[in-house]
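Enquirer: sequence plus the predicted model coming up.
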Amino acid sequence: MSEERTRGIRRVLLFTLLLNLLVASLKIGVGTLTHTLSVRADGFHSLTDGFSNVLGLIGMWWASRPPDTGHPYGHERVEVIAGSVVGAGLLLVAWNVVRGAIERLLASDVTPAPDATTWVVLLVTLAVNLFVVLYERHQAKTLNSSFLASDSAHTLSDVLVTLGVVVAVACIQLGQRWMDWLAAFVVAAFILVAGLRILSTNFHYLLDAAQIPAEAIDAVVRRVPGVASTHKIRTRGQPGAVRVDLHIQIAPHLNVVHAHEVTHWVIAALKREITGVIDVVVHTEPAAAGVPYPELPPRMSPIEGGPDY
């Protein structure tokens, strides 16, 4: 994991941490003062965004550590694990919101009373969350960060939930107070779905699912001089840290030195042309006689009168 990428992700997380803490504080404070359960629940949902940022900062510090004897492939998976913890945390938050809604159903002596301040807080926090979603989504693509992608999906659930809370507050002010606890259940449902989606995405990386289509790898490798074909192409990892294993068949007349050079051309081409590839393992084999391949430099022509290898 490059130092520049790590610093970039940390800057994004620190910036969004400040925004998330501000948003959560406003919602929880106003929701508590006005006894509006849906606003308060939305505030705790936003608070988990701040927790996610802290978790991400810890995870990025760990993930950026260099390979060692015990972890020769590095620590990039820590970023994925941190994203998975964010998803699991959302499931717990969803249960907490549902429990609060059930308690409100059983308590008839508490009446929600949203006021003008509630509207200001909801609209301001909605604007902030929209900005955070777009900012993190852009940075996730720029920095190839699975954690930032998970966190932007988490914050997007905040936007959807807040829109639902806006509708609930309007209904409460129109005399439909039952909409408060109903909105809390809807909030919980959105949180639950967001958590499951984040877990699904990160488990996809942890289970070594293919990250790049084999056809894309083949197209790059076949353009390398001397390569006749490819097979047994496998990819795994996560955005920004993809590892590739493949077999190549090369011009059969090449000697060991030249075959080794072609192999390194393949590795360099994949790292150069496919974003996020950090490691390539190549098994080199001779192609069958007569199989076409991209033209080789003159110095790598067969040795006249020499053995065909």
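Expert: That came through fine.
Enquirer: could you use CA atoms for every contact and neighbour count after this?
Expert: Will do.
Enquirer: show me where this protein dips below the pLDDT cut-off.
Expert: 1-2, 37-38, 45, 104-115, 177, 179-180, 300-309 (pLDDT under 70).
Enquirer: how about the longest strand seen in it: buried residues?
Expert: Scanning the chain for the longest strand, with DSSP state E as the assignment, gives strand 227-238. Neighbour-count burial for strand 227-238, counted by 16 or more other Cα atoms under 10 Å, picks out 227, 228, 229, 230, 233, 234, 235, 236, 237, 238.
Enquirer: and after it, which helix or strand comes next?
Expert: strand 241-250 (DSSP states H and E).
Enquirer: buried sites along stretch 158-174?
Expert: Result for stretch 158-174 [16+ other Cα under 10 Å]: buried residues 158, 159, 160, 161, 162, 164, 165, 166, 168, 169, 170, 172.
Enquirer: could you do stretch 241-251 as well?
Expert: 241, 242, 243, 244, 246, 247, 248, 249, 250, 251.
Enquirer: hey, what's the second one bridged with?
Expert: With DSSP bridges as the criterion, the beta-bridge partners of residue 242 are residue 237, residue 277.
Enquirer: quick one: residues contacting it.
Expert: Residues near residue 242 by Cα atoms under 8 Å, 6 or more residues apart in numbering: 211, 235, 236, 276, 277, 278, 279.
Enquirer: one more time with 10 Å, if that's ok
Expert: 76, 210-212, 235-236, 271, 274-280 (Cα atoms under 10 Å, 6 or more residues apart in numbering).
Enquirer: and for the third one?
Expert: Taking Cα under 10 Å, 6+ apart as the contact definition, residue 243 lies against 73, 208, 210-212, 234-237, 271, 276-281.
Enquirer: go again using 6 Å as the cut-off
Expert: Residues in contact with residue 243 (Cα atoms under 6 Å, 6 or more residues apart in numbering) are 235, 236, 277, 279, 280.
Enquirer: report how many residues lie close to residue 254.
Expert: Neighbour count of residue 254, defined by other Cα atoms under 10 Å: 21.
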